[in-house]
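>>> let me see the structure of the following:
(2 chains)
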Amino acid sequence: MPEIEWFHPKTLSEALCSIKEKSAVPHAGGTGLLMGGLKRHVLVDLRGLGLRYIQEKANCYEIGAMTTYTDCSKALPRENILAIALGQAASTPLRNRITIGGSVAIAPMWSDSTGPLITLGARLKLAGDDSRVPIEEYLRELEYRKASIIEFIELPKIGGAGYYHRETRTSFDYPMFTLSAFAGGTSPRVVVTGVRGKFSRLDLAEKALTGELSIDEAVKNIRLEFPSKMQASAEYLAEIAVVEIRRCLNKLVGGQR
Amino acid sequence: MRGIFFIDGIEHEVEFQGDVTLLELLREAGHTDVKAGCHTGECGACVVLLDGELVNSCQVLAGSCIGAKVLTVKAIGDLHNPHPIQKALVDVGAVQCGFCTPGIVLAAYVLLKDNPNPTDDEIKTALDGNLCRCTGYVKIIEGVQLAAKRMNDNA
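Next comes the predicted model:
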């Protein structure tokens, strides 16, 4: 085990400098770092930077990167699929520690935040850059993750019906896949996580939500590629995910489950 | 590295390595009531209150909580002066080997502080990070209900 040094910056720019100049690793809640094993020599503690907050704005919720899953599940509207997803993830003591920023930065295959954030069109503000990065782009482009710190997440306020499902054997289990959908506004979204490439937008299911396709037409043509997992084979997961997608579409289109 | 921690209301200045978890730091400091179980954040035997929030101390690096207030089960009650939650768990037979009990007491303590009249589902959610391999959970839930009743009756 290499010796770990800690840096406790007072400002975001100090934190960013240490990451760029010393190849330091940001430490948010730390659960993901511990799971992956401590490898780097310098950890930057983001705790003292005032990034734990949720601020309601006119068109969005601004969620500081150090905001925990518990904070999000309690502060966001109960029907918001991000609140639902994060309230079901892991366990109470872990939800008190896992941060939304850390979760996005590490983006593990079993993440409960990835699907709802993509579905709701979240955007990221990175430290030292005034622009906003769509979360899909952040997750696809590795460049964004090099030497950067997520400052906050903008979660658009959009009216409409949402759906969230995590496929597990027991509630505490890591999800084998998650299904998130949102049928409000002009562009509905359906996202499955846990597939090869971590996540997949389902165009056909989205067309079913706009009425361009029937649910039957959409579902019969959906092909999902899962890796085989400890809990289930790739074939099983692909089959069961389609069953869940049909349930989701039935609920959102037909108001039935 | 060195850091100050406020453990059960007492200030401790501790020297520790950067990769040490809060669990390791606490046990090294003599707090063996904080149990070392799975080391992966699944069993809940090591939970403590960190600045008032229930966390798995095995999933917290000590370097990230310098200056924090840490509460272990010893601050809640002990053999000679048990907390109503501890007494209730014993009275209903919810303690067998006792390894998980400190974590369950703390999880119930946080729950009842915020919600003096929890439903069974709320108790289950509050204890969703605490595994017990001896009793099952029926007696534990009964114990939390009994503690809630006694605490409300004495309020």
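>>> show me which residues of chain B sit near chain A.
Contact residues (C-beta under 8 Å from any C-beta of the partner chain) of chain B with chain A: B:1, B:17-19, B:21, B:40-42, B:44, B:47, B:53-56, B:59-61, B:63-64, B:66, B:107, B:125-129. Placement of C-beta: from N, CA and C, glycine included.
>>> and chain B, what are its domain boundaries?
Following automatic domain parsing, one finds the domains of chain B at B:2-73, B:84-153.
>>> about what we covered before: please pick the buried ones from the residues of chain B next to chain A.
Neighbour counting with 16 or more other C-beta atoms under 10 Å in any protein chain shown marks B:18-19, B:21, B:41-42, B:44, B:47, B:53-56, B:59-61, B:63-64, B:66, B:107, B:125-129 as buried within the residues of chain B next to chain A.
>>> and the residues you listed, which of them are in helices?
Mapping these onto helices (DSSP state H) picks out B:107, B:125, B:126.
>>> show the contacting residues for the first one.
Spelled out, it's residue B:107. For residue B:107, the contacting residues are A:92, A:93, B:44, B:47, B:54, B:126, B:127, B:129, B:130, by C-beta atoms under 8 Å, 6 or more residues apart in numbering or on different chains.
>>> tell me what the longest helix along chain B is packed against?
Looking across chain B with DSSP H, the single longest helix is helix B:138-153. When contacts are defined as 3 or more C-beta pairs under 8 Å, 6 or more residues apart in numbering or on different chains; DSSP states H and E, helix B:138-153 sits against helix B:84-91, helix B:101-114, helix B:120-126.
>>> pull the CA atoms of the helix or strand hosting residue A:253 into PDB?
Taking DSSP states H and E as the criterion, residue A:253 maps to helix A:234-254. Provided in PDB are the C-alpha atoms of helix A:234-254 (Å, rounded to 0.1, in the frame of the first residue of the first chain):
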ATOM      1  CA  ALA A 234     -26.200 -11.700 -20.300                       C
ATOM      2  CA  GLU A 235     -29.100 -13.500 -22.000                       C
ATOM      3  CA  TYR A 236     -31.300 -13.500 -18.900                       C
ATOM      4  CA  LEU A 237     -30.600  -9.800 -18.300                       C
ATOM      5  CA  ALA A 238     -31.500  -8.900 -21.800                       C
ATOM      6  CA  GLU A 239     -34.800 -10.800 -21.600                       C
ATOM      7  CA  ILE A 240     -35.800  -9.500 -18.200                       C
ATOM      8  CA  ALA A 241     -34.900  -5.900 -19.100                       C
ATOM      9  CA  VAL A 242     -37.300  -6.000 -22.100                       C
ATOM     10  CA  VAL A 243     -40.100  -7.200 -19.700                       C
ATOM     11  CA  GLU A 244     -39.400  -4.200 -17.500                       C
ATOM     12  CA  ILE A 245     -39.300  -1.800 -20.400                       C
ATOM     13  CA  ARG A 246     -42.700  -3.000 -21.500                       C
ATOM     14  CA  ARG A 247     -44.000  -2.400 -18.000                       C
ATOM     15  CA  CYS A 248     -42.500   1.000 -18.000                       C
ATOM     16  CA  LEU A 249     -44.100   2.000 -21.300                       C
ATOM     17  CA  ASN A 250     -47.400   0.500 -20.300                       C
ATOM     18  CA  LYS A 251     -47.400   2.700 -17.200                       C
ATOM     19  CA  LEU A 252     -46.200   5.900 -18.900                       C
ATOM     20  CA  VAL A 253     -48.300   5.600 -22.000                       C
ATOM     21  CA  GLY A 254     -51.300   3.700 -20.800                       C
END
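>>> and residue A:137, how many neighbours?
11 (other C-beta atoms under 10 Å in any protein chain shown).
>>> surely it touches residue A:131?
No. Counting by C-beta atoms under 8 Å, residue A:137 does not reach residue A:131; the two are 10.9 Å apart.
>>> would you map the strands across chain A?
Here chain A has its strands, by DSSP state E, at A:5-7, A:25-27, A:42-45, A:54-56, A:60-64, A:123-126, A:133-134, A:150-156, A:162-167, A:177-182, A:189-195, A:198-201.
>>> contacts only, for residue A:122.
If you count contacts by C-beta under 8 Å, 6+ apart, residue A:122 has them with A:134, A:135, A:153, A:154, A:155, A:156.
>>> pLDDT score for the closest residue to it other than its chain neighbours?
The shortest distance from residue A:122 to any non-neighbouring residue, by C-beta to C-beta, 6 or more residues apart in numbering or on different chains, is to residue A:135 (4.6 Å). If you check residue A:135, the pLDDT there is 97.
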